[in-house]
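Asker: Provide a 3D model corresponding to the input given below.
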Amino acid sequence: MSQNDKDRQLQRRVLMTALADAPFDGFTPSLLSAACAANKVGLIVQARLFPNGVLSLVEAFSHWADEEMLSRLDPSALGSMKIRARIELCVLTRLEVLGPYKEAARRAGAFLSLPMHAPLAAKLVWHSVDAMWRAAGDSASDFNFYTKRAILAGVYSATLVRWFNDDSEDEAATKVFLARRISDVMRFESFKAELRKRLRGAQGPLSAAARRRGTRA
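Answerer: Purely as a prediction, here's the structure:
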């Protein structure tokens, strides 16, 4: 086993230890120190595993959730679904992964909502929605690559906040909320497609009219 693999396993153990106490303590330097101590991780190794301290711990939590989400998604099953259903399943699967650690996830969300942590928050959300789109089979490489992820980032972030406050049975309220947000996006995308179609259809008559005006001038 390589050193990177060993570090990855050790980082994961520290993370799991920290998640047990995060609901009570929040994501703080003392939480990280205690989790490292519980796993007999010294300061030098701690600095290697978590170079940015608590920021690295929160980042490890988010990346772990992304990896777990991907491991639970069945590519063959996704391939038989419409794109809307694929994205919806990806979002719900990530929430399912976070389920046992909901309060810790809420604490991580509060940590990332602080203004000084905004760059990391944006980076982690982008990483998550990029993983979702790739799992859904997206192969866009043009401007749509960015717009798709930006739109899903808004949908996922809003759904996550709703989930944090959802105490309904089986979290049904979150599922309804997500379905509505995706429906809103699909309607907007349909509107844009229709608008582009109409504009293309109007280019011919408009160009002809412009040429006629130029001739008269």
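Asker: most centrally placed residue in this protein?
Answerer: Most central in the chain under Cα atoms, centre = their mean is residue 128, positioned 3.1 Å from the mean C-alpha point.
Asker: quick check on that residue: phi, psi?
Answerer: Main-chain torsions, residue 128, degrees, to the nearest 10: phi -70, psi -50.
Asker: that one: what's it in contact with?
Answerer: Contact analysis of residue 128 by Cβ atoms under 8 Å, 6 or more residues apart in numbering lists 62, 65, 66, 94, 156. Where you see a C-beta, it was placed from the backbone N, CA and C, and this is true even at glycine.
Asker: hmm, try it at 10 Å
Answerer: 62-63, 65-66, 69, 90-91, 94, 149, 152-153, 156-157, 160 (Cβ atoms under 10 Å, 6 or more residues apart in numbering).
Asker: and it, how far is that from residue 153?
Answerer: 8 Å (Cβ to Cβ, to the nearest Å).
Asker: OK, contacts around residue 98?
Answerer: 61-62, 64-65, 68-69, 104-106, 108, 160, 163-164.
Asker: and if you look at residue 178?
Answerer: Going by Cβ under 10 Å, 6+ apart, the list of residues near residue 178 reads 87, 88, 91, 92, 95, 155, 156, 158, 159, 160, 162, 163.
Asker: mind checking which of those are in helices?
Answerer: Per DSSP state H, helices hold the following members of these: 87, 88, 91, 92, 95, 155, 156, 158, 159, 160, 162, 163.
Asker: turn the residues you listed into TSV, including neighbour count, pLDDT and distance to residue 122.
Answerer: Converted to TSV, the ones in helices among the contacts of residue 178 look like this (neighbours: other Cβ atoms under 10 Å; pLDDT from 0 to 100; distance: Cβ to Cβ, whole Å):
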residue	neighbour count	pLDDT	distance to residue 122
87	27	93	20
88	20	94	23
91	25	96	18
92	18	97	23
95	23	97	20
155	21	93	15
156	22	95	12
158	13	95	15
159	24	96	17
160	20	96	14
162	18	96	20
163	24	97	19
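Asker: out of the residues you listed, flag the one nearest to residue 6.
Answerer: For the ones in helices among the contacts of residue 178, the residue nearest residue 6 by Cβ to Cβ is residue 95; the value is 30.8 Å.
Asker: buried ones in whichever strand or helix holds residue 126?
Answerer: Residue 126 is located in helix 118-135, with elements delineated by DSSP states H and E. By 16 or more other Cβ atoms under 10 Å, the buried positions in helix 118-135 come out as 120, 121, 124, 125, 128, 129, 130, 131, 132, 133, 135.
Asker: check these and tell me the two furthest apart.
Answerer: Greatest spatial distance in these: 120 and 135, 22.6 Å, computed using Cβ to Cβ.
Asker: and the protein, what are its domains?
Answerer: 1-51, 54-216 (automatic domain parsing).
Asker: run a quick neighbour tally on residue 59.
Answerer: Residue 59 has 18 neighbours, counted by other Cβ atoms under 10 Å.
Asker: skipping its backbone neighbours, what lies nearest residue 41 in space?
Answerer: Leaving aside its sequence neighbours, residue 41 sits nearest to residue 14 (Cβ to Cβ, 6 or more residues apart in numbering; 6.1 Å).
Asker: which other helices and strands does the strand or helix carrying the one you found contact?
Answerer: With secondary structure defined by DSSP H and E, residue 14 is part of helix 3-25. Counting contacts by 3 or more Cβ pairs under 10 Å, 6 or more residues apart in numbering; DSSP states H and E, helix 3-25 packs against helix 29-38, helix 43-49, helix 54-72, helix 102-112.
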